[in-house]
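A.B. asks: Requesting a structural model of the entry that follows:
(one chain, ligands or ions: 1)
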Amino acid sequence: MFVNKKTDDLDLNNIPAHIAFIMDGNGRWAKKRKMPRTYGHHEGTKTIRTLALEANRLGVKAMTVYAFSTENFKREASEVEYIFKLPKEFFDLYLKELVENNVQIRYIGHLELAPQETRNIITDAVARTSQNTGLILTFAFIYGGRDEIVQTTKKICEKYKNGEIELDDITEDYFEQQLMTGDLPPVDLMIRSSGEYRLSNFLLWQLTYAEFVFDDTLWPDFDEAELHRCIRIYQGRERRFGGVLK
Ligand code: FPP
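C.D. replies: Coordinates of the predicted model:
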C-alpha cells in the first residue's frame, strides 16, 4: 500500500471541516479474493483507522462513517452478527492509538438495537475519548437519515408540548442543532467508495450543501492517497450554496 505522509499539493487552508464516508465495496473486495464477505468488512475497519489518523493529521474537525444502516438488517443474520462484532475488534486494536492522537469517538443511530456487548464497547470508547479535542470520529451505527429526521421532529414536538419552545423557535438552524449530529460542523465533503452513486439514506439533512465525490476504489483499498485525491477534487470545486459564481 502506498502510504503518503506528505500532503501532496493539498491546500491546507481549505481542508473540509467535516468529511462523511459511505464505506462501500467490502463484499466485492472479498469476492474478488474468493473470501467471505465478512473478510471484506474486517479489512474495511483498517481503512477507518488509516483515514481517521490522516484526517486528524490534516486538521479535519469531523469524520462520520456509515457503519450500519437501518436497512442493513435485511442482510443475512450471520453477516449482521459479524458486523456487530466489529466495534470490539476495532476498538481493541485501535482505541489506544486513537486516544494518543486525541481523537474523540461518537456514534449516531439506534445503538439500543445492538447486542449488549456491542453497546458497551461503543459507549466505553465514547466515554474514554469524550475530553479529546482532535478529530471527532462518528460512527453512524443502525442509522437512517429519514429516521433521524422523524426522531428529531418528535423530540422538537415534545419540547413544544412541554412549553420549552414556541412554534416560531423552530427554524432551520434550530432543527439542525437538534439532529443527532447537533454540534458538528456542516458536512463539506461526502465520499462514497466502490463506484456506486447513491445516498442510501445517509445524513439526508446534513448533505444538503456538501460536495459529493464518488470514487471507484473498493473500501478496503481506500487509503491516504485516495483521501488526498478526493480532497483535491473538493478543493477544485466552486461552492456556491445557492448563490452565483463570483
Ligand atoms: C458496505 O459494503 C459496507 C458496510 C455495510 C459497512 C461495514 C462496516 C464496516 C466496514 C465497519 C464497521 C466498523 C465499526 C467499528 C462499527 P458492502 O457489504 O455493501 O459491499 P458490496 O457492495 O461490495 O457488497
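
A.B. asks: How about the contacts made by residue 182?
C.D. replies: By Cβ atoms under 8 Å, 6 or more residues apart in numbering, residue 182 lies in contact with residue 176. (Glycine included, C-beta is placed from N, CA and C.)

A.B. asks: which SS class is the closest residue to residue 189 other than its chain neighbours?
C.D. replies: Leaving aside its chain neighbours, residue 189 sits nearest to residue 16 (4.1 Å; criterion: Cβ to Cβ, 6 or more residues apart in numbering). Three-state assignment for residue 16 (DSSP: H, G, I helix; E, B strand; the rest coil): coil.

A.B. asks: Now that residue 16 has come up, it's in contact with residue 62, right?
C.D. replies: No. Taking contacts as Cβ atoms under 8 Å, residue 16 lies outside contact range of residue 62: 9.3 Å.

A.B. asks: between those two, which one's more packed in?
C.D. replies: Neighbour count, other Cβ atoms under 10 Å: between residue 16 and residue 62, residue 16 has more, with 26 against 23.

A.B. asks: which residues touch that one?
C.D. replies: Residue 16 touches 60, 188, 189, 211, 231, 234, counting by Cβ under 8 Å, 6+ apart.

A.B. asks: Is residue 122 located within a helix, as I assumed?
C.D. replies: Yes. Counting by three-state DSSP, residue 122 is part of a helix.

A.B. asks: Tell me how far it lies from the ligand.
C.D. replies: In this view, residue 122 and the ligand are 8 Å apart by Cβ to the nearest ligand atom, to the nearest Å.

A.B. asks: Tell me the confidence at that residue?
C.D. replies: For residue 122, the model assigns a pLDDT of 98.

A.B. asks: Could you do residue 8 as well?
C.D. replies: Predicted confidence (pLDDT) for residue 8: 71.

A.B. asks: ok, now residue 242?
C.D. replies: As predicted, residue 242 sits at a pLDDT of 81.

A.B. asks: What sits closest to it if chain neighbours are left out?
C.D. replies: Nearest to residue 242 is residue 209, by Cβ to Cβ, 6+ apart, at 7.9 Å.

A.B. asks: I'd like to know how many residues surround that neighbour.
C.D. replies: Residues within reach of residue 209, counting by other Cβ under 10 Å, total 12.

A.B. asks: shouldn't it be in contact with residue 237?
C.D. replies: No. Assessed by Cβ under 8 Å, residue 209 is found out of contact with residue 237, at 11.4 Å.

A.B. asks: and the residue in the chain positioned nearest to the ligand, what does it touch?
C.D. replies: Of all residues in the chain, residue 27 sits closest to the ligand, at 2.5 Å by Cβ to the nearest ligand atom. With contact set as Cβ under 8 Å, 6+ apart, residue 27 has these partners: 37, 40.

A.B. asks: Now do the contacts for residue 186.
C.D. replies: Residue 186 neighbours (Cβ under 8 Å, 6+ apart): 17, 18, 206, 209, 210.

A.B. asks: What is the nearest of these to residue 242?
C.D. replies: residue 209 (7.9 Å; Cβ to Cβ).
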